[in-house]
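# Whatever this is, show me its structure:
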Amino acid sequence: MQKITPVDAKKIMDTQDDIYILDVRDPDELDEGYIDGSVLIPLDEVAQRAESLLPDKDKTLLVYCRSGKRSKDAAEILDNLGYKNVYDFGGILDWPFDLVI
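Residues are numbered from 1 along each chain as shown. From the prediction side, this is the model:
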């Protein structure tokens, strides 16, 4: 697992086609906006649902939440599940790019 900036995450999104973008917020937080193409798995469900929704453990996996705490926790869980390319880019509050509202 690596910590990267939102700008670095956006560069990956813009240059790699076959990636996962994981939003680990709660469903009611989607009203604040979300990153296009992201998959929602609330933090407390990551351990149970990640392998069925994100089956390729070799794919680049970008993780975010609201402020950065849950994304860090989720990235550690994913790392322990055997995902090889996990990048935590923190909270959507720091995301300077467009959101789906």
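# Next, the closest residue to residue 35 other than its chain neighbours: secondary structure please.
Distances taken as Cβ to Cβ, 6 or more residues apart in numbering put residue 21 closest to residue 35, at 5.8 Å, once the chain neighbours are dropped. Just so you know, the C-beta spots here come from the backbone N, C-alpha and C atoms, and that holds for glycine as well. Going by DSSP: H, G, I helix; E, B strand; the rest coil, the secondary structure assigned to residue 21 is strand.
# okay, now residue 21: neighbour count?
As a burial measure, residue 21 scores 19 neighbours (other Cβ atoms under 10 Å).
# for the one 4 residues further on, same thing?
Here the number of neighbours of residue 25 (other Cβ under 10 Å) works out to 22.
# who touches it in this structure?
Contact analysis of residue 25 by Cβ atoms under 8 Å, 6 or more residues apart in numbering lists 40, 42-43, 65-66, 70, 92.
# quick revisit: isn't the residue nearest to residue 35 right up against residue 39?
Yes. Using Cβ atoms under 8 Å, residue 21 is in contact with residue 39, at 6.8 Å.
# Out of the contacts of residue 25, which comes closest to residue 6?
Nearest to residue 6 among these is residue 92, at 8.7 Å by Cβ to Cβ.
# Helix, strand, or coil at the residue nearest the centre of the chain?
Nearest to the mean C-alpha position of the chain, by Cα atoms, centre = their mean, lies residue 63 at 1.9 Å. Following three-state DSSP, the label given to residue 63 is strand.
# who's in contact with it?
By Cβ under 8 Å, 6+ apart, the contact list for residue 63 reads 22, 24, 71, 74-75, 78, 86-89.
# So which of those residues are in helices?
71, 74-75, 78 (DSSP state H).
# Let me see the ranges of the strands in this structure.
Using DSSP state E, the strands found in the chain span residues 2-3, 19-23, 39-40, 60-65, 85-91.
# From residue 91, how far off is residue 26?
Residue 26 sits 14 Å away from residue 91, going by Cβ to Cβ, to the nearest Å.
# if I read this right, residue 33 contacts residue 93, doesn't it?
No. Counting by Cβ under 8 Å, residue 33 stays clear of residue 93, with 10.5 Å between them.
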